[in-house]
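**Q** Pasting a predicted model and its sequence here:
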Amino acid sequence: MIGYLNGQLTFKSPTTIYVDVNGVGYHVNISLHTFQKIEHLEKAKIFIHHHITESDQSLFGFFDEQERSIFKHLISVSGVGPSTARVATSYMEPSALKQAIVQGNVQMVSKIKGIGPKTAQRIILDLKDKLFKEMDGDVVVFDQKDASIKEEALSALSSLGFQKSKISKTVDMIIAENDQELTVESLIKSVLRQLS
């Protein structure tokens, strides 16, 4: 099994990269979260999950171990395949997704494309205790002004079809002008109002 690939990034898109390792090009599926981390890099170490089925073999790549971990947890849940897990890590930061599951936030998890309320409940039921133990009992509380809120909003907006480069300034402006505590949802709504 491949643990990670460390090489030149010869092709990059929001969903796929080619990693050249000693002249061999590996086709790797990635999330928007990982793409944002490697977008301007020429070389990177990409953590790998080698997904094998009866009819196919695919490589899924992650910028950090945390994202790979949550991905592997998600695909262990009945009814959640690698494509849905990749959408989930594109829609939310891995730490925010982990927090939503640990807190039993069915509404937030079910907003992810391909995951309805029933599947969200199954994910929470299967993973809540496992992820809680991984967090050493600490539930992450985000500073509403910190960069994670911005990144989560940009990931969600990107998956809605907006170009990150075009909406990033709008997101920054709304964060700077807002005196009240922002949530990812309220930030996205504000951006959509600005762009409409």
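**A** Everything's here; your move. Residues are numbered from 1 along each chain as shown.
**Q** Pretty sure Lys113 sits against Tyr91.
**A** Yes: contact criterion C-beta atoms under 8 Å: Lys113 and Tyr91 qualify, at 7.1 Å. Every residue, glycine included, has its C-beta placed from N, CA and C.
**Q** I'd like the next helix or strand past the top helix by length along the chain.
**A** As assigned by DSSP state H, the longest helix anywhere in the chain is helix 117-134. Scanning forward in sequence from helix 117-134 by DSSP states H and E, the next helix or strand is helix 147-159.
**Q** how close does Gly3 sit to Gly114?
**A** Gly3 sits 28 Å away from Gly114, going by C-beta to C-beta, to the nearest Å.
**Q** Equivalent analysis for Thr16, please.
**A** Per C-beta to C-beta, Thr16 is found 19 Å from Gly114.
**Q** repeat for Gln103
**A** Noted for Gln103: a distance of 21 Å to Gly114, by C-beta to C-beta.
**Q** With Ile30 instead?
**A** Remark: distance between Ile30 and Gly114 (C-beta to C-beta) = 17 Å.
**Q** Look at those two and report which has more neighbours.
**A** A direct count of neighbours by other C-beta atoms under 10 Å for Ile30 and Gly114 places Ile30 higher, at 26 against 15.
**Q** In contact with that one, which residues?
**A** Applying C-beta atoms under 8 Å, 6 or more residues apart in numbering to Ile30 gives the contacts 14-17, 38, 46, 60-62, 86.
**Q** Number of residues surrounding the residue lying closest to Lys150 once chain neighbours are set aside?
**A** Leaving aside its chain neighbours, Lys150 sits nearest to Val171 (5.7 Å; criterion: C-beta to C-beta, 6 or more residues apart in numbering). Neighbourhood size, Val171 [other C-beta under 10 Å]: 21.
**Q** List the contacts of the helix or strand harbouring Val171.
**A** If you go by DSSP H and E, Val171 is part of helix 164-177. Applying C-beta under 8 Å, 6+ apart, the contact partners of helix 164-177 are 36, 145, 149-150, 153-154, 157-158, 182, 187, 190-191, 194-195.
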